[in-house]
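**Q** Let's see this in three dimensions:
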Amino acid sequence: MSSTADPADPLAPLAALPGVPEAVESVRKSVDRVYGHRIMRRRSSEVSGEAALRGARASAALDGADWALEEVRRRTDFGVEGEPRAVGAALRVTAEAGQLLDIWGQSPLRVLARLHLVAAGKAVPDEAVGRPRLAGEAVEGPELGLPVPDVDEVAARLDGLAAIITGGTSAPALVTASVVHGELLTLRPFGSFNGPVARAAERIVLVGSGLDPKSICPAEAGQAEQGREAYLRALKGYASGTPEGVAEWIAHCGRAVELGVRESTAVCEALQRGAA
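**A** Here you go, the predicted structure:
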């Protein structure tokens, strides 16, 4: 987050960064259009289910397990080490996110702990599940090309993020969701599975804010469509803390939501034609 943020509402100034108001407005209009699709009046639960599956598939792809959608549908071996475990983690946290909306506003750190526990499954020793990493503990997972913050910085910034969530902010949902995603991925607070946790937390913000209440706009799908290289480049901009870098990250996350909307619009069209 920007070091020049207003201490009373650190996210509010980010909403005025160059390009951010336009990204916020474009996302709002895009989401409104898909919610106005006639298929949403009677089959929204099907669209939500498909969006969750596609979002989870995309989240795993961003961590290197780039499976075709039909492969995700038919496989059941998600506990096997390697790509199956990455896909399984993404599927589990995506499903779990919807159960944690009521807790997020009061106890975001508790939600993050739960997401990590669900993502890790049986792959992580019990003593390391659901808690931030300790000094000297390594971070497993795909290389992001960013330095790993020390545990004192992680603790301070997690506390700051939690204070923003519990205290409330006037910033638009896109800004808040982008910051939550960017902070968690930059900090990598857990020893593993930070990617799926960060992206699931972004989903919680988008849904819980009311921007996407039925969870039909899978931002993860849009991130994957833009490509991992663009994802990491935008994340590095956020991690730099410069106004330009933070603005580009928010805009990048906005494009991801819009591409997720396009994905769900295609699902709506297929359902309307009777093709899905």
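**Q** and the most centrally placed residue in the chain, how far is that from A224?
**A** For the chain, the residue sitting closest to the mean C-alpha position, by CA atoms, centre = their mean, is R199 at 2.1 Å. Here the criterion is CB to CB, to the nearest Å. By it, R199 lies 10 Å from A224. Where C-beta positions appear, they are placed from N, C-alpha and C, glycine not excepted.
**Q** Touching both of these two, which residues are there?
**A** S59, L62 (CB atoms under 8 Å, 6 or more residues apart in numbering).
**Q** which residues touch A52?
**A** A52 makes contacts with T94, A95, G98, S215, P218, as judged by CB under 8 Å, 6+ apart.
**Q** So among these, where is pLDDT lowest?
**A** Within those, G98 has the lowest pLDDT, namely 92.
**Q** tell me the helices in the protein, going along the chain?
**A** With DSSP state H as the criterion, the chain has helices at 20-35, 40-62, 69-74, 83-97, 101-104, 108-120, 151-167, 173-187, 194-208, 219-226, 228-240, 243-273.
**Q** highest average neighbour count across those helices?
**A** Mean neighbour count (mean count of other CB atoms under 10 Å) peaks for helix 194-208 among the helices of the chain, with a mean of 28.
**Q** sorry, back to before: looking at the helices of the chain, spot the one closest to P132.
**A** Comparing the helices of the chain by their distance to P132 (CB to CB), the top pick is helix 151-167, with 5.8 Å.
**Q** From G160, how far off is C217?
**A** According to CB to CB, C217 and G160 sit 27 Å apart.
**Q** er, V80 actually
**A** As for V80, its distance to G160 is 38 Å (criterion: CB to CB).
**Q** repeat for S59
**A** Going from S59 to G160 by CB to CB gives 25 Å.
**Q** My read is that L187 contacts L158, right?
**A** Yes - here L187 lies in contact with L158, judged by CB atoms under 8 Å, at a distance of 6.9 Å.
**Q** Low-confidence ranges, the stretch 51-200 of the chain, go.
**A** Along the stretch 51-200 of the chain, segments meeting pLDDT under 70 are nowhere present.
**Q** Which member of the contacts of A52 is positioned nearest D66?
**A** Of these, the one sitting nearest to D66 (CB to CB) turns out to be P218, at 15.5 Å.
**Q** surely that closest one meets R262?
**A** No - counting by CB under 8 Å, P218 does not reach R262; the two are 10.3 Å apart.
**Q** Ramachandran coordinates for the nearest residue to R85 once chain neighbours are set aside?
**A** Of all residues not flanking R85 in the chain, A123 sits nearest, at 5.8 Å (CB to CB, 6 or more residues apart in numbering). The phi and psi values for A123, taken as degrees, to the nearest 10, are phi -80, psi -10.
**Q** and the gap between A123 and L232?
**A** A123 is 24 Å from L232, by CB to CB.
**Q** try G191
**A** Per CB to CB, G191 is found 20 Å from L232.
**Q** Ok, E70 next?
**A** 27 Å.
**Q** before we move on, what about L185?
**A** Distance of L185 to L232, computed by CB to CB: 10 Å.
**Q** Name all residues that sit in contact with the two at the same time.
**A** Taking CB under 8 Å, 6+ apart as the criterion, L185 and L232 both touch L144.
**Q** Who are the contact partners of V175?
**A** Contacts for V175 (CB under 8 Å, 6+ apart) come out as L11, L14, A15, V20, V24, I250.
**Q** That concludes my questions; thank you for your assistance.
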